[in-house]
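Q: make a model of this:
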Amino acid sequence: MANQLTDRRRFLAGLGAAGTTALLSGCVTSTSSGTSSSKGAVTLQSNLSAPQAKAAMQDIVAAYAKKGSGKASLNTVAAETYRTQLPTYLTSANPPDIYTWYPGSVADAYARKNLLLDLDDVWAASPDLKRYSKALNSLCTASSGKKVFVPTTYYWWGMFYRKSHFAKWGVSEPKSWDDFLDLCDKLKAKGVDPIGLGAGGNTAWVASAWFDYLDIRINGARYHRELLAGKHRFDDPEVRRVFDRWQEVLPYFDPNGAAVPFQDATTALLNGRTGMMLIGTFFADAAPKDALDDIDFFRFPVIDAKVPLAEEAPTDGYFASARTGRREQVEDLLSYLATAEAQEIYIKGSSGTVLPCNPDAKDAGTALVRKGRKHIEAAAEITQFFNRDSSDALQPTADTALTRFLAEPKSIGGILTGWQRDAEKIWNA
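A: Below is the predicted model:
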């Protein structure tokens with residue numbers, strides 16, 4: 001067990017260390033005897049349930065069918081239900097064939113349990129995947145050395161707002177942490193809750209973005225990844241500093257931020273009830289099309305200029321069940337999903353706020369996307385997100401600790417002690 005834990009910690013701590021160029025590579029895999037039927041269409045289990053994203057996935061499935069090499073049956077599940085049910089899907093007697101999800105440590109955790117299909121043959125045979133970056137290759141490679149993931153898109157996190165609202169309020173993007181606090185003061189003076197959150201309902205994970213960004217701004221991306229790999233403690237003084245800084249901005253948060261899910265927080269942002277929100281571009285898939293041109297963002301403020309600039313830029317894509325009885329069909333569909341054609345279909349059908357992994361695929365070309373691409377390229381290092389840089393199993397420990405902090409900020413000492421205790425149970429499992 002000790003050797004296995006050490007190997008896993010090395011794997012997690014090493015992810016993303018190559019910096020921005022490392023963003024575009026990597027996947028994970030493992031094998032098991034097939035138990036699902038070899039008949040019928042490939043089942044594609046999707047968590048992309050926002051209206052525009054779901055429609056885009058339907059477009060991809062239709063385009064694949066037209067090619068004549070096979071068919072896929074799309075099953076879209078509400079995102080938060082999917083998140084909690086994914087382990088059940090993968091361990092069921094007759095699991096779906098292909099799943100939307102995340103590469104890196106998340107996929108590796110499932111691969112270690114022999115739940116993911118070995119995709120080495122897909123990567124070796126695909127002319128598209130052969131041209132993917134070394135960083136994406138690394139991100140999609142499990143600690144076993146096998147490929148288990150096909151990446152298709154990536155996106156960025158930032159402080160999003162509506163340009164028309166900032167203009168109406170007479171405020172502008174901040175350039176420093178002090179500017180950010182000043183912006184919050186100005187918005188609050190106008191009767192606007194400066195910062196939306198959306199960590200209520202079943203989207204408590206949204207609060208992890210604040211922990212991630214404060215940690216990478218104060219302690220750096222390397223420390224952050226090592227912390228999530230168990231090489232540091234959540235009750236260390238460095239982590240306490242993160243929460244000391246967070247307490248500076250707590251008075252500016254929407255008072256309902258920990259009570260409503262992020263979808264409602266998005267609505268509040270779009271309607272001008274809150275001023276800005278730390279969120280990923282996926283929120284735009286639920287925004288009205290006519291609002292997209294009015295959406296903008298700024299970089300989470302730098303706190304310590306000596307800390308190398310890092311940004312959250314998660315990669316999305318697909319892995320497959322090791323128990324599939326349709327391996328040939330699964331490999332064919334995954335090869336198609338890696339093409340520029342498939343990724344451009346998704347970008348066109350969705351809000352268009354993601355960037356394609358295929359080097360030949362074109363992005364939406366909007367001002368927002370051009371700014372987002374420069375935003376990522378300017379970073380010295382890239383992180384994914386709390387659970388993506390650790391595991392799906394560790395995320396609930398963050399949800400518990402962070403929601404308690406939002407409710408009881410003065411109890412941070414006991415909260416961090418409890419977080420470390422809960423995290424150790426996951427790391428030592």
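Q: hey, let's count contacts and neighbours off CA atoms from now on
A: Noted.
Q: leaving out sequence neighbours, find the closest residue to the residue positioned nearest the centre of the chain.
A: Geometric centre of the chain, nearest residue: Pro314, 4.4 Å, by C-alpha atoms, centre = their mean. Nearest non-adjacent residue to Pro314, counting by C-alpha to C-alpha, 6 or more residues apart in numbering: Gln384, 4.3 Å away.
Q: how about that neighbour, what does it touch?
A: Gln384 makes contacts with Glu312, Ala313, Pro314, Thr315, as judged by C-alpha atoms under 8 Å, 6 or more residues apart in numbering.
Q: could you tell me how many residues sit around Lys66?
A: The number of residues packed around Lys66, counting by other C-alpha atoms under 10 Å, is 11.
Q: swap in Pro288?
A: Pro288 is flanked by 11 other residues according to other C-alpha under 10 Å.
Q: swap in the one 5 residues further on?
A: Close neighbours of Asp293, defined as other C-alpha under 10 Å, add up to 12.
Q: what pLDDT does it get?
A: At Asp293, the pLDDT value in this model is 91.
Q: that one falls within a helix, correct?
A: Yes - assignment of Asp293 by DSSP: H, G, I helix; E, B strand; the rest coil places it within a helix.
Q: low-confidence ranges, the stretch 1-150 of the chain, go.
A: 1-39 (pLDDT under 70).
Q: so which residues of it form strands?
A: Taking DSSP state E, counting those that start in this stretch as the criterion, the stretch 1-150 of the chain contains strands spanning 25-26, 42-46, 72-76, 98-101, 150-154.
Q: the second one pairs with which strands?
A: Which is strand 42-46. strand 72-76 (parallel), strand 98-101 (parallel) (DSSP bridges).
Q: so which of these is the most packed in?
A: Compared across those, strand 98-101 shows the largest average neighbour count, a mean of 22 (mean count of other C-alpha atoms under 10 Å).
Q: just the residues contacting that one, thanks.
A: Contacts of strand 98-101 (C-alpha under 8 Å, 6+ apart): 42-48, 316-321, 330.
Q: any idea how far the nearest residue to Gly280 once chain neighbours are set aside lies from Asn137?
A: The shortest distance from Gly280 to any non-neighbouring residue, by C-alpha to C-alpha, 6+ apart, is to Trp157 (4.1 Å). For Trp157, the distance to Asn137 (C-alpha to C-alpha, to the nearest Å) stands at 22 Å.
Q: now swap in Leu181 and tell me
A: Leu181 is 40 Å from Asn137, by C-alpha to C-alpha.
Q: those two: who's more crowded?
A: Legend: neighbour count by other C-alpha under 10 Å for Leu181 and Asn137, higher for Asn137 (24 against 17).
Q: hey, what's that one bridged with?
A: Beta bridges link Asn137 to Gly26, judged by DSSP bridges.
Q: how much space separates it from Pro127?
A: Distance, Asn137 to Pro127, by C-alpha to C-alpha: 14 Å.
Q: check Leu44 too.
A: 23 Å.
Q: more neighbours, those two?
A: Taking neighbours as other C-alpha under 10 Å, Leu44 and Pro127 compare with Leu44 leading, 21 against 13.
Q: still on that earlier bit, want to throw the contacts of strand 98-101 into CSV with distance to Phe283?
A: Listed next are the contacts of strand 98-101 as CSV, based on distance: C-alpha to C-alpha, whole Å:
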residue, distance to Phe283
Val42, 29
Thr43, 26
Leu44, 22
Gln45, 20
Ser46, 17
Asn47, 14
Leu48, 11
Asp316, 15
Gly317, 17
Tyr318, 20
Phe319, 23
Ala320, 26
Ser321, 28
Val330, 29
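Q: wait, which of those is closest to Gly275?
A: Nearest to Gly275 among the contacts of strand 98-101 is Leu48, at 26.5 Å by C-alpha to C-alpha.
Q: nearest residue to that closest one other than its sequence neighbours?
A: Nearest one to Leu48, counting by C-alpha to C-alpha, 6+ apart, is Lys54 at 5.5 Å.
Q: ok, that neighbour - contacts?
A: Contacts of Lys54 (C-alpha under 8 Å, 6+ apart): Leu48, Thr76, Ser350.
Q: from Lys186, how far out is the last one?
A: Which is Ser350. For Ser350, the distance to Lys186 - C-alpha to C-alpha - is 34 Å.
Q: also the second one?
A: Thr76 sits at a distance of 42 Å from Lys186 (criterion: C-alpha to C-alpha).
Q: same check, this time on Phe300
A: Taking C-alpha to C-alpha, one finds Phe300 at 18 Å from Lys186.
Q: same deal with Leu74?
A: Leu74 is 47 Å from Lys186, by C-alpha to C-alpha.
Q: kindly report the same for Lys410.
A: 26 Å.
Q: equivalent analysis for Arg225, please.
A: From Arg225 over to Lys186 (counting by C-alpha to C-alpha), the distance is 35 Å.
Q: who has more neighbours, these two?
A: Of the pair Arg225 and Lys186, Arg225 is the one with more neighbours under other C-alpha under 10 Å, namely 28 against 16.
Q: helices or strands up against the helix or strand where that one lies?
A: Assigned by DSSP states H and E, Arg225 belongs to helix 221-228. Where contact means 3 or more C-alpha pairs under 8 Å, 6 or more residues apart in numbering; DSSP states H and E, helix 221-228 is packed against helix 2-14, helix 208-218, strand 381-383.
Q: what angle do that helix and helix 208-218 make?
A: Helix 221-228 runs at 130 degrees relative to helix 208-218, counting by axes from the mean of the first three to the mean of the last three C-alpha atoms, to 10 degrees.
Q: mind saving the C-alpha coords of helix 221-228 as PDB?
A: Taking C-alpha atoms only, helix 221-228 is exported to PDB below (Å, rounded to 0.1, in the frame of the first residue of the first chain):
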ATOM      1  CA  ALA A 221       1.100  25.800  -8.700                       C
ATOM      2  CA  ARG A 222       3.800  23.300  -7.700                       C
ATOM      3  CA  TYR A 223       2.900  23.600  -4.000                       C
ATOM      4  CA  HIS A 224      -0.800  23.300  -4.900                       C
ATOM      5  CA  ARG A 225      -0.400  20.100  -6.900                       C
ATOM      6  CA  GLU A 226       1.900  18.600  -4.200                       C
ATOM      7  CA  LEU A 227      -0.700  19.500  -1.600                       C
ATOM      8  CA  LEU A 228      -3.500  17.700  -3.500                       C
END
